[in-house]
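Undergrad: Return atomic coordinates for the entry below.
(chains A and B)
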2 protein chains.
Amino acid sequence: MRFLPSQEDNMAQKPSIPKGTRDFNPEQVAKRNYIFNTIRGTFETFGFQPIETPSFENSDTLMGKYGEEGDRLIFKILNSGNFFFDKKNKIDLPESIEDLKSLSAEVISKEQRIELNQFTSRISEKALRYDLTVPFARYVVQHQNEIEFPFKRYQIQPVWRADRPQKGRFREFYQCDADVVGSKSLWQEVEFIQLYDTVFSALKLEGVTIKINNRKILSGIAEVIGASDKLIDFTVALDKLDKIGEDKVKEEMLGKGISEAGITKLQPLFTLSGSFESQIDSLRSILSTSEEGQKGIEELAFINAAISELGLSTATLQLDVTLARGLNYYTGAIFEVSAPKDVKMGSIGGGGRYDDLTGIFGMKDVSGVGISFGLDRIYLVLEELGLFPEAVNKNVEVLFINFGDKEALFSLKAINALRLQGINSELYPDAAKMKKQMNHANKRAIPFVVLVGEEEITSNTYTLKNMVSGEQHKVSLEALINLVK
Amino acid sequence: MRFLPSQEDNMAQKPSIPKGTRDFNPEQVAKRNYIFNTIRGTFETFGFQPIETPSFENSDTLMGKYGEEGDRLIFKILNSGNFFFDKKNKIDLPESIEDLKSLSAEVISKEQRIELNQFTSRISEKALRYDLTVPFARYVVQHQNEIEFPFKRYQIQPVWRADRPQKGRFREFYQCDADVVGSKSLWQEVEFIQLYDTVFSALKLEGVTIKINNRKILSGIAEVIGASDKLIDFTVALDKLDKIGEDKVKEEMLGKGISEAGITKLQPLFTLSGSFESQIDSLRSILSTSEEGQKGIEELAFINAAISELGLSTATLQLDVTLARGLNYYTGAIFEVSAPKDVKMGSIGGGGRYDDLTGIFGMKDVSGVGISFGLDRIYLVLEELGLFPEAVNKNVEVLFINFGDKEALFSLKAINALRLQGINSELYPDAAKMKKQMNHANKRAIPFVVLVGEEEITSNTYTLKNMVSGEQHKVSLEALINLVK
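TA: Numbering: from 1, shown residues only, chains lettered A, B, ... in the order given. This next block holds a predicted model:
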């Protein structure tokens, strides 16, 4: 089961890893696991259950689900064996080698792109997971007869995207998703807001803002200003309000063909502020003529009333009518979580309601709602604010100095006893110079060192040294366990 | 961060997953995590620290490290973008389309295989992790200046192999490895035996056999019978002793060119039995003329003496001179763990000592020793013996029946309190018929159901129903928490 390199091979190059990927050292793994465990524990107290799906799916399952850009960013796996050999002869090879060579130019035509895609799908039938949502939809459809609906699942697994790597954006990264499928109840939106609040409170990350909007409100606004066909253009512009200001937003809307009259009707939207309730009141009047808009308002009002009644620990719920993520699929609530104001960071979570998750795999009318946590960004925020617990790294607590085989054997008996108590401890493997062994303990920041020599063996005791205070005591095994516990 | 399929796409196929891969449902994830957590916890009390490496490495890092067979079984990732476009023009495309087409036959020549491999390395520069050992070696060399040696690391991550899938063999599976690099001390072999014993005892899998051998003993035997150049042939034959019997093994050895005289000298080996000590004594006499053999014997004697003194909880250490795994890389101890005798299962763990792990990446003289746990097989054994704890699945403990919005809101206050106590609980999202909701609780085997109606709200109580006994009581929130805890 373990494969090791043969001795003959002697490639003396400086090794590296592919761009956009990362090694994690013990401290980083411990910190990441601290976040994962907090999220996982909360998911479970909220009644979500874990599933896992394969790292690669059939290409058919993924291709065409994330738009053209997505198709390009999906990592494709070369068929194994001779990928040119084709029993079924499904797709011909290009006609001539010139055909093939013409594909190798920096810029190729649309026809050549199609030819390239055909060739790709011939030699690659599997692709790496691109997100957790499409595999979840596939899972639900494939296992629909074993699943008891409504189904609350969570999934914490890596995904891969051939994106251009940059600060905070990687080609391999984890997603942490929780979704419910099989019910349209708004109580689920209420629970997801509580869930965000519970996770970030548990992480001591206080003061996050959970922004909420509703696609129906955006549709309502577009309807009222006579731009229903321009919903995306209009929301893309509106979304920039914070960054570029009212005038530029209006300019962009005009440029996209939204009428002056429509933009005038929007005026109250640009100055929408105050409490959740007062914003709801303003929206009621702005959207008085849109049935869909009214429905969106009622949904938000219901959610806000429940949250007001139940209370949040450390987060704040905020209505943000400019929030417009995922309009290609979200049909109701839209969520986005932003870090406390003093931290510069994009959203650390997001999600929403989608009315037809599983339709792409032939299973109709399954409504779902879900949220996601952005692990890497949460990590950066906790690091910046110094919020990782000190004891997050499960370091060795006790190192036994090795003075020789007899002493080592005596030490291992004590080490066994410590480990049975769950105390991480170890023997320095070699009877090296004491200074070297003490340096090792220092470099690894091990808090306790135990010295066992002839005298200790005779008196059945252990000399325990506290590496922080420098204090040193000769103690019994029982006392040793109590002192380092 | 979440991508969802667009609404337009309507592929109505029955979805499936690639052969050799698996979906895991909540119960399976919980059972796998139970094993992972037990192994991880033991690794940590033994002083091992976690690292993680990327799912894909540069092809250069992996290719050529696992033999020709391994190269074939490594999953290769297609370069993203136009993989035909080649700025550096490193490798030419085939001369003619006929050249290329000739590659697409079922059987191709050696030259064509080379051409295919060149083409492959041109269009694929990354490959999926094939084991955890080569990435670990790469990690140690790349980060050598940050690492404090001896370095005890563990790693629990999936690996991928394009093997033919069969019962118990998958294309995606987890490995759980612990290794120490930077010391030749035999105390590490002692610790790994204790580690195996501790993990399997914690899993309640009693009666496993930890088989140990030493490559130097095998070399010594080969030397004594004058077949040093036939070490692999000889050990491959010896390894079959259990399966095909003494006569057939001798036949095979003769066939491989080992002399009659040599085989006669081996005779005591075929009947080697009894205690570890008495086998050691026999080996001392068989290998009296081999210096290397004697060294192997002394190593085993040291390890056995230490383990005898320290004791094992539930496992047995057994000398098995026929154990011959990993001879391409192991240079000292060789380990293999077999399940209790009443379970038919291959090895559930293995490992050994290798003297030059990092040489392939240009860092010389780093000795290492490590072991691995076979997750999938351990899972099957625990399942067969019924050893998974009953409470392994962190199911929902309390379901609140939903009688309407007012009752739901009252219920959610209690649910908050339960969750704060770490009790997994949830509200049925819809005010569906009571029978449907009770069925849902039954199907999911949820042990407690809470009913909240007008009367309960007025009296600030909760009706708690035990789904196993059928008993039902009206209780306060405090009593409710205590009853379901």
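
Undergrad: Is the nearest residue to A:Leu186 once chain neighbours are set aside part of a helix or strand, or is it coil?
TA: Spatial nearest neighbour of A:Leu186, excluding adjacent residues (Cβ to Cβ, 6 or more residues apart in numbering or on different chains): A:Phe302 at 5.4 Å. (C-beta placed from N, C-alpha, C; glycine too.) Under DSSP: H, G, I helix; E, B strand; the rest coil, the three-state class of A:Phe302 is helix.

Undergrad: C-terminal to the helix or strand where A:Asp60 lies, what's the next element?
TA: Assigned by DSSP states H and E, A:Asp60 belongs to helix A:59-62. Of the helices and strands lying after helix A:59-62 in sequence (DSSP H and E), the nearest is helix A:67-73.

Undergrad: average pLDDT across stretch A:127-147?
TA: Confidence for stretch A:127-147, expressed as mean pLDDT, is 96.

Undergrad: Would you mind listing the buried residues in it?
TA: A:127-142, A:147 (16 or more other Cβ atoms under 10 Å in any protein chain shown).

Undergrad: What distance do you get for A:Phe200 to A:Gly351?
TA: Taking Cβ to Cβ, to the nearest Å as the measure, A:Phe200 falls 14 Å from A:Gly351.

Undergrad: And A:Leu464, by the same measure?
TA: 51 Å.

Undergrad: now A:Asp60
TA: From A:Asp60 to A:Gly351 the distance is 26 Å (Cβ to Cβ).

Undergrad: between these two, which one's more packed in?
TA: A:Gly351 (27 against 16; other Cβ atoms under 10 Å in any protein chain shown).

Undergrad: Nearest residue to that one in space, ignoring adjacent ones along the chain?
TA: Nearest to A:Gly351 is A:Ile371, by Cβ to Cβ, 6+ apart, at 3.3 Å.

Undergrad: ok, that neighbour - contacts?
TA: Neighbouring residues of A:Ile371 by Cβ atoms under 8 Å, 6 or more residues apart in numbering or on different chains: A:177-179, A:192, A:195-196, A:335, A:349-351.

Undergrad: Including pLDDT, could these go into a markdown table?
TA: Below are the contacts of A:Ile371 laid out as a markdown table (pLDDT from 0 to 100):
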| residue | pLDDT |
| --- | --- |
| A:Asp177 | 98 |
| A:Ala178 | 98 |
| A:Asp179 | 98 |
| A:Phe192 | 98 |
| A:Leu195 | 98 |
| A:Tyr196 | 98 |
| A:Phe335 | 97 |
| A:Gly349 | 96 |
| A:Gly350 | 96 |
| A:Gly351 | 96 |
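
Undergrad: anything in the helix holding A:Asp60 sitting right up against chain B?
TA: Yes. Shown here: helix A:59-62 in contact with chain B (Cβ under 8 Å from any Cβ of the partner chain) through A:60-61.

Undergrad: Stretch A:69-77 too?
TA: Yes. Contact of stretch A:69-77 with chain B is found when judged by Cβ under 8 Å from any Cβ, involving A:70, A:72-73, A:75-77.

Undergrad: do the same with stretch A:308-327
TA: Yes. With Cβ under 8 Å from any Cβ as the measure, stretch A:308-327 is seen reaching chain B through A:309-310, A:326.

Undergrad: Below-threshold pLDDT in the stretch 301-450 of chain A: ranges please.
TA: Nowhere does the stretch 301-450 of chain A drop to pLDDT under 70.

Undergrad: where along it do the helices fall?
TA: A:375-384, A:405-420, A:434-443 (DSSP state H, counting those that start in this stretch).

Undergrad: export these to CSV and tack on distance to B:Leu399?
TA: As requested, the helices of the stretch 301-450 of chain A are exported to CSV (distance: least, Cβ to Cβ, whole Å):
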stretch, distance to B:Leu399
helix A:375-384, 30
helix A:405-420, 39
helix A:434-443, 51
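
Undergrad: now those helices in TSV, with distance to chain B?
TA: Written out in TSV, the entries for those read as follows (distance: least, Cβ to the nearest Cβ, whole Å):
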stretch	distance to chain B
helix A:375-384	9
helix A:405-420	4
helix A:434-443	5
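
Undergrad: Out of those, flag the one nearest B:Val107.
TA: helix A:375-384 (47.5 Å; Cβ to Cβ).

Undergrad: For A:Gly368, name its beta-bridge partners.
TA: With DSSP bridges applied, A:Gly368 shows beta-bridge pairing to A:Val181, A:Tyr354.

Undergrad: One more: the one 5 residues further on?
TA: As for beta bridges, A:Phe373 partners with A:Cys176, A:Gly349 under DSSP bridges.

Undergrad: Touching, it and A:Arg40? I think so.
TA: No. Judged on Cβ atoms under 8 Å, A:Phe373 makes no contact with A:Arg40 at a distance of 10.4 Å.

Undergrad: who has more neighbours, those two?
TA: Neighbours were counted for A:Phe373 and for A:Arg40 using other Cβ under 10 Å; A:Phe373 has more, 29 against 18.

Undergrad: show me the contacts for the more buried one.
TA: A:Phe373 touches A:39, A:176-177, A:199, A:348-349, counting by Cβ under 8 Å, 6+ apart.

Undergrad: do the same with A:Pro447
TA: A:Pro447 neighbours (Cβ under 8 Å, 6+ apart): A:397-398, A:466-468, A:484.

Undergrad: one more time with 6 Å
TA: Listed by Cβ atoms under 6 Å, 6 or more residues apart in numbering or on different chains, the contact set of A:Pro447 reads A:397, A:467.

Undergrad: ditto for A:Leu195
TA: A:Phe46.

Undergrad: Secondary structure class of it, three-state.
TA: helix.

Undergrad: how far away is it from A:Phe36?
TA: 15 Å.

Undergrad: Same question for A:Asp247.
TA: 45 Å.

Undergrad: who has more neighbours, the two?
TA: A:Phe36 (16 against 9).

Undergrad: And that one, which helix or strand is it part of?
TA: Assigned by DSSP H and E, A:Phe36 falls in helix A:26-45.

Undergrad: ok, back up a step: closest one of the residues of stretch A:69-77 next to chain B to chain B?
TA: Distance to chain B, by Cβ to the nearest Cβ, is smallest for A:Lys76 among the residues of stretch A:69-77 next to chain B, at 4.3 Å.

Undergrad: Would you agree that closest one is in contact with B:Ile77?
TA: No. Using Cβ atoms under 6 Å, A:Lys76 is not in contact with B:Ile77; the gap is 7.1 Å.

Undergrad: show me the residues around A:Tyr462 that make contact.
TA: A:Tyr462 touches A:450, A:456, A:475, A:480, counting by Cβ under 6 Å, 6+ apart.

Undergrad: Let me fix that, I meant to ask about A:Leu272.
TA: Contacts of A:Leu272 (Cβ under 6 Å, 6+ apart): A:279, A:282, A:321.
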